[in-house]
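[1] quick one: sequence and predicted model below, then my questions.
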Amino acid sequence: MAIIDAQHVFSQSQSLIATAPDTLESTNVYDLSAGASSPIAGAAQSRNLGVGETLYFHFLVMTGLVQASTNGTLDVQIVTSAAAALTTPTVHWYQRFTDGAGTFGDDLTTVGAQFTVPLSPDKTWLRYLGVIYVVTTQDTSAGAITVWMDRQAGVNTLYASGLNFA
């Protein structure tokens, strides 16, 4: 079981309820250049996410997606942007979900459904990393998702909350 750093969580049970068309940005973004200063005067120090190493973005359905009618689509994108609000993003991964079913067979309608997206960071990534959800054709009346990144590929086993240590 992975221990997940809170700084690596993009969406924590984030609601996907929206009136189409609408764009929802992840609750959190990851600042790829903050937190360190460069030994070179005036230069920003970038966080090393491990160029050449794969990062894994994990998606976990907390509340099943419900859309107003059939053929509703929701686009999910992993992006970087020069702005923390994720405006004018560069899309690094994209999947369209129609009626909750993804083009790669992933599912957003079943609570507990999970899928993992591998991405290798490179120098084309802009300062802020985040996830964008685009409700394109039908309103959503239910749906929530948790998204985080780490360096482990596996799908995590879910356990009931309330674990007590004696």
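    Structure received. Numbering: from 1, shown residues only.

[2] once you drop chain neighbours, what's closest to D22?
    With sequence-adjacent residues excluded and distances taken as Cβ to Cβ, 6 or more residues apart in numbering, D22 is closest to V135, at 4.8 Å. For glycine as for every other residue, the C-beta is placed from the backbone atoms N, C-alpha and C.

[3] and the residue nearest to S15 when sequence neighbours are not counted, how many neighbours does it have?
    Nearest in space to S15, with sequence neighbours left out and distances taken as Cβ to Cβ, 6+ apart, is A144 at 5.3 Å. Neighbours of A144 under the rule other Cβ atoms under 10 Å: 18.

[4] and A144, what element?
    strand 140-150 (DSSP states H and E).

[5] helices and strands around the lowest-mean-pLDDT helix or strand in the chain, which ones?
    For the chain, the helix or strand with the lowest mean confidence is strand 101-102, at a mean of 81 (criterion: mean pLDDT, DSSP states H and E). For strand 101-102, not one helix or strand is in contact under the criterion 3 or more Cβ pairs under 8 Å, 6 or more residues apart in numbering; DSSP states H and E.

[6] whichever helix or strand comes after it relative to strand 140-150, how many degrees between them?
    Downstream of strand 101-102, the first helix or strand assigned by DSSP H and E is strand 114-119. Between strand 114-119 and strand 140-150, the angle comes out at 50 degrees (axes from the mean of the first three to the mean of the last three Cα atoms, to 10 degrees).

[7] on that earlier part again, now for the residue nearest to D22: which residues touch it?
    Counting by Cβ atoms under 8 Å, 6 or more residues apart in numbering, V135 makes contact with 16, 18-24, 74.

[8] could you do F97 as well?
    By Cβ under 8 Å, 6+ apart, the contact list for F97 reads 65, 73-76, 103, 106, 108.

[9] pLDDT score for V51?
    Looking at V51, its pLDDT stands at 61.

[10] how about Y133, nearest residue that isn't a chain neighbour?
    L24 (4.4 Å).

[11] could you say which helix or strand contains that neighbour?
    Residue-wise, L24 maps onto strand 22-25 under DSSP H and E.

[12] contacts for the next helix or strand after that strand, please.
    Per DSSP H and E, the first helix or strand lying C-terminal to strand 22-25 is strand 30-31. Strand 30-31 is contacted from outside by 7-8, 10, 47, 84, 127-130, 149, using Cβ under 8 Å, 6+ apart.

[13] what do you get for stretch 114-129?
    Under Cβ under 8 Å, 6+ apart, the answer for stretch 114-129 is 29-33, 49-61, 78-84, 86, 89-90, 92-93, 95, 102, 104, 106-107, 153-156.
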